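In: model this:
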Amino acid sequence: MGTERVDKGWQQKGIDTYSTDAILGTLAHYGVMVTEAAFKAAALENYPFAIARTWHEHWKGVGQFSVFPAAASEELWRRWLPGQVTPTDIALGVLHLLEDLAGLVDGEPDEGTLETRFKVVEAYLPKIPQEQPRYDRFVSELLSAFGQDGMKTFDAMAEALVRAKHDALADRFVAIEETILVQRKDVAKAIVQAERGDQAGAVKVVSTIATDPSRDIWNRLSAVDALFDFEELALAKQALLPLFDEAEKSKDLELLSTVVEHLAELLDADPRMPERNELRTRIERIAAELGPQHGE
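Out: So this is what the prediction gives:
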């Protein structure tokens, strides 16, 4: 490896303007030795940000170089794994689409870019890995790239489009939403259905999803969230009680924690629930195991 390195103006110039030797030289200078073979091996399990996190364990860069690992990992992925989409690629495509859609909702005219924005994102969707655990790792990085504000806009966009009378675009966006977040399959459609005035029909759809044992459990929990939003507490309880049993048996702490939080919310909303004492005892026992933040 030579002595070539990236200079201090790399963020302004763009990391893509530097040679691979310069990127590798900079990584090595600040404590991280990377080879193409090692990078490709890491990419069999993880995506750029996760790979960069492992580099930070030995990273000595500060200032403008404190964030260099993430940028370097993304750029090396593009060079060494051409054609393999990154989570950030899709996130940026969606964020650009959201920007155009937000303008449309606010009454701004389409400047001729909206259709292109949709097509870019829709072309990416088949490249999202479907097998576990790669799907979870991919989407986790994708959502991180959204940022908090981007995630809020993403969550609310379909309903906003319906309110602005852009129904066809709402349906098209929901298809994107349910592909990126498979746990929202058919739930996002039902929420749009309710926004269009058919809440009774939407409640029936999400209640069926929430109690369907053939569905993925996270899909069912997404439907429970919708039932809470629709203030259908009796139906939410009907779905949550068997989910609680399943979560306990699974020993999946993330799942169990999520179900416990939902049940605690249900108990707060319905203080006269007949099962209150039994559920409270179970929740307190599990919350003690999971940590105090999960208590009722």
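In: residue contacts, the closest residue to Val187 other than its chain neighbours?
Out: Distance criterion Cβ to Cβ, 6 or more residues apart in numbering; nearest residue to Val187, sequence neighbours excluded, is Ser222 at 4.7 Å. The C-beta positions use only the backbone N, C-alpha and C, and glycine is treated the same way. Contacts here follow Cβ atoms under 8 Å, 6 or more residues apart in numbering; on that basis Ser222 touches 183-184, 187, 209.
In: now, which of the residues you listed lie within helices?
Out: 187, 209 (DSSP state H).
In: Counting neighbours, which of the contacts of Ser222 comes out on top?
Out: Neighbour counts for the contacts of Ser222 (other Cβ atoms under 10 Å) peak at Val187, which has 27 neighbours.
In: so it touches Val224, yeah?
Out: No. The pair Val187 / Val224 is not scored as a contact, 9.5 Å apart, by Cβ atoms under 8 Å.
In: buried stuff in stretch 249-267?
Out: Using 16 or more other Cβ atoms under 10 Å as the test for burial, stretch 249-267 gives 255-267.
In: for Val34, what are its contacts?
Out: Contacts of Val34 (Cβ under 8 Å, 6+ apart): 24, 27-28, 55, 76.
In: pLDDT, distance to Glu178 and neighbour count added to these, as CSV?
Out: What follows is the contacts of Val34, written out as CSV (pLDDT from 0 to 100; distance: Cβ to Cβ, whole Å; neighbours: other Cβ atoms under 10 Å):
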residue, pLDDT, distance to Glu178, neighbour count
Leu24, 96, 40, 23
Leu27, 95, 38, 24
Ala28, 94, 43, 14
Trp55, 94, 34, 21
Leu76, 97, 32, 23
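In: follow-up on the earlier one: columns distance to Gln238 on top of the buried residues of stretch 249-267, output as JSON lines?
Out: Formatted as JSON lines, those follow (distance: Cβ to Cβ, whole Å):
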{"residue": "Leu255", "distance to Gln238": "19"}
{"residue": "Leu256", "distance to Gln238": "19"}
{"residue": "Ser257", "distance to Gln238": "21"}
{"residue": "Thr258", "distance to Gln238": "18"}
{"residue": "Val259", "distance to Gln238": "14"}
{"residue": "Val260", "distance to Gln238": "17"}
{"residue": "Glu261", "distance to Gln238": "18"}
{"residue": "His262", "distance to Gln238": "13"}
{"residue": "Leu263", "distance to Gln238": "13"}
{"residue": "Ala264", "distance to Gln238": "17"}
{"residue": "Glu265", "distance to Gln238": "15"}
{"residue": "Leu266", "distance to Gln238": "11"}
{"residue": "Leu267", "distance to Gln238": "15"}
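In: From the contacts of Ser222, pick the one nearest Asp155.
Out: Proximity of the contacts of Ser222 to Asp155 (Cβ to Cβ) peaks at Arg184, which lies at 9.6 Å.
In: May I see the buried residues of stretch 249-267 organised as JSON lines, with pLDDT and distance to Tyr135 added?
Out: Conversion of these to JSON lines gives the following (pLDDT from 0 to 100; distance: Cβ to Cβ, whole Å):
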{"residue": "Leu255", "pLDDT": "86", "distance to Tyr135": "16"}
{"residue": "Leu256", "pLDDT": "84", "distance to Tyr135": "21"}
{"residue": "Ser257", "pLDDT": "83", "distance to Tyr135": "20"}
{"residue": "Thr258", "pLDDT": "88", "distance to Tyr135": "18"}
{"residue": "Val259", "pLDDT": "87", "distance to Tyr135": "21"}
{"residue": "Val260", "pLDDT": "83", "distance to Tyr135": "25"}
{"residue": "Glu261", "pLDDT": "86", "distance to Tyr135": "23"}
{"residue": "His262", "pLDDT": "87", "distance to Tyr135": "23"}
{"residue": "Leu263", "pLDDT": "85", "distance to Tyr135": "27"}
{"residue": "Ala264", "pLDDT": "84", "distance to Tyr135": "29"}
{"residue": "Glu265", "pLDDT": "86", "distance to Tyr135": "27"}
{"residue": "Leu266", "pLDDT": "84", "distance to Tyr135": "29"}
{"residue": "Leu267", "pLDDT": "82", "distance to Tyr135": "33"}
